[in-house]
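Participant: Dropping a prediction and its sequence here:
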Amino acid sequence: MADSQSDNSPKSIYDFTVKNIRGNDVSLSEYSGKVVLIVNVASKCGLTQSNYKELNVLYEKYKNKGFEILAFPCNQFAGQEPGNNEEIQEVVCTRFKAEFPIFDKIEVNGKDAAPVYKFLKSQKGGFLGDGIKWNFTKFLVNKEGKVVERYAPTTSPLKIEKDIQNLLEAESS
């Protein structure tokens, strides 16, 4: 007997709807045809300053070439994103000058993990199996919405620029 789940199981990130930082629904299919970097972020992490700085550089450079960064605040790592959405947005936009979209604060691990994160982890497990290890774990998604690479929190965003360029240059199938 066929597993009825298999037909409905998500095929790409485009099958998900998430909430933005203002609490509005956003279908990730809006990013169809773009190369997307999905990052779980925190305001008070040792990696915050450098990651936001370099993510901004990448965003500036490639946002008009079909590249998007989606940032998901998460407080599951040493409580480094304690604020509410308004406070997070304030920090991200004012202190770190981020222009890319910031979404609703979510959980990335455990039973309450956001569905899109369950999908990302199922596509690319990390060193700790599926679990997200820390803030600023990065998932690179191609123009078809498929996860092609996962990077450790300590991987600097600028180190993945080449991978982004390669995906941007790839023809959509």
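Facilitator: Nice, thanks for sending it over.
Participant: what's the nearest residue to Val36 once chain neighbours are set aside in contact with, if anything?
Facilitator: Closest residue to Val36 in three dimensions, ignoring its sequence neighbours and counting by CB to CB, 6 or more residues apart in numbering: Val141, at 4.3 Å. C-beta here means a position set from N, CA and C on the backbone, and glycine is covered the same way. Residues counted as contacts of Val141 (CB atoms under 8 Å, 6 or more residues apart in numbering) are Ser12, Ile13, Val35, Val36, Leu37, Ile38, Val147, Val148.
Participant: Over to Tyr117?
Facilitator: Asn40, Phe72, Ile106, Glu107, Val108, Asn109, Ile132.
Participant: what helix or strand does the residue nearest to Phe119 when sequence neighbours are not counted sit in?
Facilitator: With CB to CB, 6+ apart as the measure, Pro10 is the residue that lies nearest to Phe119, at 5.1 Å, once sequence neighbours are left out. In this structure, Pro10 sits in neither a helix nor a strand according to DSSP states H and E.
Participant: returning to what we had before: just the contacts of Tyr117: which are in strands?
Facilitator: Asn40, Phe72 (DSSP state E).
Participant: Select from the contacts of Tyr117 the one having the most neighbours.
Facilitator: Of those, Asn40 is surrounded by the most neighbours, 28 neighbours in total, counting by other CB atoms under 10 Å.
Participant: And the closest residue to that residue other than its chain neighbours, what's its pLDDT?
Facilitator: Leaving aside its sequence neighbours, Asn40 sits nearest to Cys74 (CB to CB, 6+ apart; 4.4 Å). What the model reports as pLDDT for Cys74 is 97.
Participant: wouldn't Cys74 be in contact with Gly83 here?
Facilitator: No - Cys74 is beyond contact range of Gly83, at 11.8 Å (criterion: CB atoms under 8 Å).
Participant: Neighbour count for these two, which is higher?
Facilitator: Applying other CB under 10 Å to Cys74 and Gly83 shows that Cys74 carries more neighbours, namely 25 against 17.
Participant: Report the contact partners of the more buried one.
Facilitator: Listed by CB under 8 Å, 6+ apart, the contact set of Cys74 reads Asn40, Val41, Ala42, Glu81, Lys105, Ile106, Glu107, Val108, Ile132, Asn135.
Participant: Among these, which lie within helices?
Facilitator: In helices, defined here by DSSP state H, there are no members of those.
Participant: what's the closest of these to Glu161?
Facilitator: Among those, Val41 lies closest to Glu161 (CB to CB), at 18.7 Å.
Participant: Many thanks, have a good one.
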